[in-house]
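> sequence and predicted structure, then a few things I'm wondering about:
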Amino acid sequence: MANLSYNFTFISLEDSSDLGLLFTGDKNDFENLVSTLKLGIFGRPDVKDGIAYFIRSSETLYDNLCNLASHLSYLKCPKINALPAWIKKLGNDNFFTVVTNREVTQEESFAIRAKIEELQFGTPFEQTMEQVKELTESIYSNYSIIAHDGRKRVYIGETRKELRVCRYCYRTQASGSTFKKIGHTISEGLGNKNIITNDECDECNEYFGINIEPALIHYIDPLRVIFGVQGKEHKITKIKGDNFEIEATPAEGTKTFNIKIFEEPKGDANLHELILSLKHAVTIIPQNIYKTLVKYAFGIIPNEKLDHFSETANWLLGKSEHLQLPPVRFAYVNGYEPSPRIVLYLRNNDNASLPFALGELHVLNLIYLYIVPTFTDDEKLFLNPDGWCTLLDNMKHWKCLNWHWKNLSSMNPIQPVMNFNIDKKE
């Protein structure tokens, strides 16, 4: 009996998905399974491994994948069953790429999407790649990037519990720690089911879940209802605040919300403007929002880099105090992320005009951009927005958004308020 694996990577202009097979059994049976999948995806079983194939979506392809999923239903493999839906979402006559049985680098994914742009819209490949190079060259020359989008299961850190060292408190099973709980890298209350940090001990997990992470969850609570976040136990459909109630009411083909406001809304009736200020019933500490953001990025730092962040871990656990933190940038985007996404930038040179580490969190319709502090003297440069000039010049891909600044250094409790500006219809 052999342990065998094979992987298909699907890439479109807007999306990507992996179909990874892990098989324990007869080699011939496994090869027949791979050939069956190739026949369903490509229309022939003899495609070579390691190649990027460009395919146009169609109703015929959709039907073939539906038949394939039905034929292989005995495998009970969700990713095979999800293939028809992925093609359906893509729509007819749109190009996508399937890469067979090898890893696709970030740089290659840019090139693949540039080729899809050429095939789909006639945009010259060289023109698209030049634009990509202009946007990304300064990033990759200064930072290594680690990213997880929550669409596929990923485990960070040591898989064997007996060998784990907690990345926050540095304790092991031998020193009394346990690793029985699932360490969600991003709070499960924000919809994260798939990004897991193995080396987060149960004690730290409980500390973060009680003392730190609720701050960000409460801060954006109304959005969790609006976007129907699947929380720890169920979908978030209702929240009651200090001056409001908001509830999602299911209706066929649409989404309806009932919002009750218990005080006079602001705005100018003549301008058909309505401003709803939703005040939460709880209080939070702003710095705990920052700690939560940093904790999410900390959870994906490679083990060999953790030595740079020992003071960061102490600060996250409340073992040290820092009352001056860099400002956080945030922006609203059109649409939303169904699963939260975390990006970590780690500087790969000695350029002290750039922060050593940056985090980028995509959650619902928000993007948070922030420095992951190591609390060295170099970072004092970034305590106000003016110090970010060199950084922002290098990160050109951020310039297309309307960013706002937020100071989250305070340890004084506040009552979260979310404002909605609404144009009234006649």
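Everything's here; your move.

> hang on, Phe54 in a strand?
Yes: counting by DSSP: H, G, I helix; E, B strand; the rest coil, Phe54 is part of a strand.

> contact partners for the nearest residue to it once chain neighbours are set aside?
Once flanking residues are discounted, Phe54 sits nearest to Thr97: 5.4 Å by C-beta to C-beta, 6 or more residues apart in numbering. For glycine as for every other residue, the C-beta is placed from the backbone atoms N, C-alpha and C. Under the criterion of C-beta atoms under 8 Å, 6 or more residues apart in numbering, the contact list for Thr97 reads 10-12, 52-55, 112, 115-116.

> what do you get if the cut-off is 6 Å, keeping everything else the same?
By C-beta atoms under 6 Å, 6 or more residues apart in numbering, the contact set of Thr97 is 11, 52, 54, 112.

> show me where the stretch 51-200 of the chain dips below the pLDDT cut-off.
134-135 (pLDDT under 70).

> could you pull out the helices for it?
With helices called from DSSP state H, counting those that start in this stretch, the stretch 51-200 of the chain shows them at 59-71, 78-90, 106-121, 125-142.

> to Leu223, which of these lies closest?
Of all the helices of the stretch 51-200 of the chain, it is helix 78-90 that lies closest to Leu223, at 23.3 Å by C-beta to C-beta.

> can you pull the buried residues of that closest one?
Of all the residues in helix 78-90, those buried under the rule 16 or more other C-beta atoms under 10 Å are 79-81, 83-84, 86-87, 90.

> could I have the CA atoms of stretch 22-31 written out in PDB?
Output of stretch 22-31 as PDB, limited to C-alpha atoms (Å, rounded to 0.1, in the frame of the first residue of the first chain):
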ATOM      1  CA  LEU A  22      -4.300  12.000  -1.200                       C
ATOM      2  CA  PHE A  23      -4.600   8.300  -1.800                       C
ATOM      3  CA  THR A  24      -3.500   5.200   0.100                       C
ATOM      4  CA  GLY A  25      -3.800   2.100  -1.900                       C
ATOM      5  CA  ASP A  26      -2.900   0.400  -5.200                       C
ATOM      6  CA  LYS A  27      -0.900   2.500  -7.600                       C
ATOM      7  CA  ASN A  28      -2.800   1.300 -10.600                       C
ATOM      8  CA  ASP A  29      -6.100   2.300  -9.000                       C
ATOM      9  CA  PHE A  30      -4.700   5.700  -8.300                       C
ATOM     10  CA  GLU A  31      -3.500   6.200 -11.800                       C
END
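
> what are the buried residues along that stretch?
Neighbour-count burial for stretch 22-31 flags 23, 30 (criterion: 16+ other C-beta under 10 Å).

> quick check, pLDDT for the residue nearest to Phe356 when sequence neighbours are not counted.
Leaving aside its chain neighbours, Phe356 sits nearest to Arg347 (5.0 Å; criterion: C-beta to C-beta, 6+ apart). In this prediction, Arg347 carries a pLDDT score of 93.

> hang on, the earlier thing: out of the helices of the stretch 51-200 of the chain, nearest to Thr24?
Using C-beta to C-beta, the helices of the stretch 51-200 of the chain put helix 78-90 closest to Thr24, at 17.2 Å.

> now do that closest one: which elements does it pack against?
Where contact means 3 or more C-beta pairs under 6 Å, 6 or more residues apart in numbering; DSSP states H and E, helix 78-90 is packed against helix 59-71.

> relative to Tyr6, how far out is the residue nearest to the spatial centre of the chain?
In the chain, the centroid-proximal residue (C-alpha atoms, centre = their mean) is Arg341; its distance is 0.4 Å. Counting by C-beta to C-beta, to the nearest Å, the gap between Arg341 and Tyr6 amounts to 26 Å.

> re earlier: okay if I get the helices of the stretch 51-200 of the chain as CSV plus distance to Ser410?
Shown next, in CSV, are the helices of the stretch 51-200 of the chain (distance: least, C-beta to C-beta, whole Å):
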stretch, distance to Ser410
helix 59-71, 52
helix 78-90, 43
helix 106-121, 37
helix 125-142, 31
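
> Val225: which of those helices is closest?
Where the helices of the stretch 51-200 of the chain are weighed against each other on C-beta to C-beta, the nearest is helix 78-90, at 24.7 Å.

> show residues contacting the closest one.
In contact with helix 78-90 (C-beta under 6 Å, 6+ apart) are residues 12, 17, 19, 57, 61-62, 65-66, 69, 72.
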